[in-house]
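S.K.: My questions are about this predicted structure, shown below with the sequence.
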Amino acid sequence: MMKKSSYIRYVSAVAASSVLLGLPMSLQAQPAQINQTVFMDGLDKPWDIAFLSDGTMFVTEKCKGLSVRLPDGTVNNLLGMGGTEGYSMTADDLFCHGQAGMNGVALDPDFDSNRTVFVYSASRMGDDPATNRVLRLTVSDDFSSVSDRTDIVENIPYKQAPTDHPFGDAGAHNGGRIRFNPGDGFLYVTTGDNHNSSLPQFGDNLGSKVLRIDRDGKAAPMNADALPDGFDARTYTYGHRNVQGIAFHPKSHQPIITEHGPWHTDEVNALVPGGNSGWDPRPNMAGRGDCPDNYCGYEPNQNDGMDPNERRKYMPMTDYETYPDAMKPLWTNNNYSQGISSAAFLEGEQWGDWNGRLVVSFLGIGFGDTPVGQRINVINLVPEGPEIVDNTEMPLSAGPARFRGLVMGPDGSLYVATDEGQIHRFTAE
Amino acid sequence: MLRILMCAITIALTSTALQAADLEAGKKLFANNCAQCHGPKAQGMASFPSLAGRDASYIQSRLETYRAGERVGANSGLMIPNARNLSDEDIANLSGFISQIGK
């Protein structure tokens, strides 16, 4: 049961949201009773989660690797990164730095027959420049080991060296979420711009993109029909900044993504094939001059606070003037950038009116007096299309955290990986 | 001999700073301003570094550097505005508290 004080605060928050949205309370969804508990603790930067129907849970830890928690609570370490011990397989080429490391995990829709798991990780092979890769592995029948590593994507850009930008270390803007779309059966892979202005609007690379590929890493055949000439055929959409969340509408299966904003304007976007998200941080265009290290992503004032609206005018997250056909975001977080990190859809009657709603998580980041905003938003989209009816917040009876990865569990609870090293469980009653 | 003397002075200064620090005030400042990025145990999260195990003089030096608007490290753009309004007392309290975390 939610504590009474938490419930009162929550109802107040819903009421406040109603006022802000200009909607009468009678049109607002009634909240379920929601408990937030710590399901796992003591992890090292957990990043993503994937479930089997019996509750078996795969977890990535950014600097350690892939593990699996069995329904009886046993944890088996499967794929370790360089320098780790105690894993059934260790891959010395896998490494972490800054935002990069082992990020997303996805289970094959036919896992019961093919035992296949996919992970997204930074990799450095010999003297070659580091990249991000998507790895395919086979899980043993007893979940004690993995084998048959096959790298189905080898060339997702990784930021090689520090630059003069906020969060400017190597490994920045690294994307990393991977999910299968139940509608078309393809694997979607989200990537980032690496603080490199030559990636988003150019199709000769896999940065700043959402990819749509098959189990072997080959392009979905219909991708090319919607893409500009010369684009890598694995591309589904382009012109993104840094996409860390993707989920699929329960009815239409349209991909919905979360995209980190540049000191302003986190975005929720509904993707269309071949769509351009309109991010183009190149210098000396769209009214801009030179920028630090040829990347205008935090301009016009990257080191000091200023009104996010003024930032937006100078360096828009979606540049409609240059790209009139760019995808229009569903939501722009009231022009704030607060670390929008992941997305999922609530499923099950236990969620009451929230069944089918989109949840998006925030790490929380404040700059120049902007609010930090650690939270999970609950967004009501119209049933058949990408339009928002209502937007409220998940009650946090156990408190806020840097919410990194959201996924629905087979028990109907929402599971959330936090940078603090925990997996939280939100259960509706 | 000179080296030993310098070490003794450093230890004496550090001890004095710790004794002078209001750890409760430092704890409150840390919880409200630092923990959301560096972690509740200063263990480091995401691309934000661990502060656990750092001594007070290191934390104090870094905060004074950021307060002065000088860049050091990849996240200077975040730290400079965060440190800008800290008083000497705030920095002493934060440095004292952070250096005690986990001990």
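M.R.: Yep, that arrived.
S.K.: Residue numbers of the stretch 101-250 of chain A in contact with chain B?
M.R.: A:162, A:165-169, A:171-172 (CB under 8 Å from any CB of the partner chain). Heads up, the C-betas are built off the backbone N, CA and C, glycines and all.
S.K.: For those residues, which two are the farthest from each other?
M.R.: Using CB to CB, the pair of these lying farthest apart is A:Pro166 and A:Gly171, separated by 14.2 Å.
S.K.: Please say which of these two ends up with more neighbours.
M.R.: Regarding A:Pro166 and A:Gly171, a neighbour count based on other CB atoms under 10 Å in any protein chain shown identifies A:Gly171 as having more, with 25 against 19.
S.K.: show me the residues around the more buried one that make contact.
M.R.: Contacts of A:Gly171 were listed using CB atoms under 8 Å, 6 or more residues apart in numbering or on different chains, and they are A:96-101, A:122, A:158-159, B:47.
S.K.: For these, name the two members farthest from one another.
M.R.: Every pair in those was compared (CB to CB); the two farthest apart turn out to be A:Tyr158 and B:Ser47, at 14.0 Å.
S.K.: Helix or strand for the spatially most central residue of chain B, just tell me which one.
M.R.: Residue closest to the average C-alpha location in chain B (CA atoms, centre = their mean): B:Ile59, at 2.7 Å. With the criterion set as DSSP states H and E, the secondary-structure element containing B:Ile59 is helix B:56-67.
S.K.: for the helix or strand following that helix, packing partners?
M.R.: Per DSSP H and E, the first helix or strand lying C-terminal to helix B:56-67 is helix B:76-83. Identification of packing neighbours for helix B:76-83 by 3 or more CB pairs under 8 Å, 6 or more residues apart in numbering or on different chains; DSSP states H and E yields helix B:56-67.
S.K.: following the helix or strand bottoming out on mean pLDDT in chain A, which helix or strand shows up next?
M.R.: Every helix and strand of chain A was ranked by mean pLDDT, DSSP states H and E. The lowest is helix A:4-21, at a mean of 37. Beyond helix A:4-21 in the direction of the C-terminus, DSSP H and E gives the next helix or strand as strand A:34-40.
S.K.: quick check, the helix or strand following that next one touching chain B?
M.R.: Moving toward the C-terminus from strand A:34-40, the next helix or strand (DSSP H and E) is strand A:46-51. No. Applying CB under 8 Å from any CB, one finds strand A:46-51 out of contact with chain B, separated by at least 9.7 Å.
S.K.: Just want the angle from the very next helix or strand once past strand A:46-51 to strand A:46-51.
M.R.: As assigned by DSSP H and E, the chain's next helix or strand after strand A:46-51 is strand A:57-61. Here the directions of strand A:57-61 and strand A:46-51 differ by 160 degrees (axes from the mean of the first three to the mean of the last three CA atoms, to 10 degrees).
S.K.: centre of the chain versus stretch A:375-391, how much separation?
M.R.: The chain centroid and the centroid of stretch A:375-391 are separated by 17 Å, computed with CA atoms, centre = their mean, to the nearest Å.
S.K.: anything in it sitting right up against chain B?
M.R.: No. Interface with chain B: stretch A:375-391 contributes nothing (CB under 8 Å from any CB), its closest point being 12.1 Å away.
S.K.: Compute the first-to-last residue distance for that stretch.
M.R.: For stretch A:375-391, the separation between the terminal residues is 13 Å (CA to CA, to the nearest Å).
S.K.: buried sites along that stretch?
M.R.: Neighbour-count burial for stretch A:375-391, with 16 or more other CB atoms under 10 Å in any protein chain shown as criterion, is recorded at A:375-381, A:386, A:390-391.
S.K.: Output the residues you listed as JSON lines; include the columns secondary structure.
M.R.: As requested, these are exported to JSON lines (DSSP: H, G, I helix; E, B strand; the rest coil):
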{"residue": "A:Arg375", "secondary structure": "coil"}
{"residue": "A:Ile376", "secondary structure": "strand"}
{"residue": "A:Asn377", "secondary structure": "strand"}
{"residue": "A:Val378", "secondary structure": "strand"}
{"residue": "A:Ile379", "secondary structure": "strand"}
{"residue": "A:Asn380", "secondary structure": "strand"}
{"residue": "A:Leu381", "secondary structure": "strand"}
{"residue": "A:Pro386", "secondary structure": "coil"}
{"residue": "A:Asp390", "secondary structure": "strand"}
{"residue": "A:Asn391", "secondary structure": "strand"}
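S.K.: Where do the helices of chain B begin and end?
M.R.: Defined through DSSP state H, the helices belonging to chain B, from first to last, are B:2-20, B:23-33, B:35-38, B:56-67, B:76-83, B:88-100.
S.K.: Same list (those helices) but as a markdown table, adding mean pLDDT and distance to A:Gly287.
M.R.: Shown next, in a markdown table, are these (pLDDT from 0 to 100; distance: least, CB to CB, whole Å):
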| stretch | mean pLDDT | distance to A:Gly287 |
| --- | --- | --- |
| helix B:2-20 | 50 | 49 |
| helix B:23-33 | 93 | 36 |
| helix B:35-38 | 89 | 33 |
| helix B:56-67 | 95 | 32 |
| helix B:76-83 | 85 | 23 |
| helix B:88-100 | 96 | 40 |
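S.K.: follow-up on the earlier one: tell me the one of the residues of the stretch 101-250 of chain A next to chain B nearest A:Phe367?
M.R.: The shortest distance between A:Phe367 and any of these, using CB to CB, involves A:Pro166 and amounts to 7.8 Å.
S.K.: Identify the nearest residue to the closest one in space, disregarding sequence-adjacent positions?
M.R.: Here the nearest residue to A:Pro166 in space, its sequence neighbours aside, is B:Gly77; by CB to CB, 6 or more residues apart in numbering or on different chains that works out to 3.8 Å.
S.K.: A:Asp112: how many residues sit nearby?
M.R.: Summarising burial for A:Asp112: neighbours were counted as other CB under 10 Å, giving 10.
S.K.: Just the buried ones from the residues of the stretch 101-250 of chain A next to chain B?
M.R.: Among these, the ones that count as buried by 16+ other CB under 10 Å are A:162, A:165-169, A:171-172.
S.K.: and chain B, which of its residues are near chain A?
M.R.: Residues of chain B lying near chain A (CB under 8 Å from any CB): B:36-37, B:39-40, B:43, B:45-47, B:74-78, B:80-81.
S.K.: which bits of the stretch 301-429 of chain A sit near chain B?
M.R.: Neighbours of chain B within the stretch 301-429 of chain A, by CB under 8 Å from any CB: A:302-305, A:363-365, A:367-368, A:372, A:374, A:402, A:404, A:419-421.
S.K.: Where is pLDDT lowest across these?
M.R.: Confidence by pLDDT is poorest for A:Gly368 among those, given 74.
S.K.: who's in contact with that residue?
M.R.: By CB under 8 Å, 6+ apart, the contact set of A:Gly368 is A:263, A:304-306, B:81.
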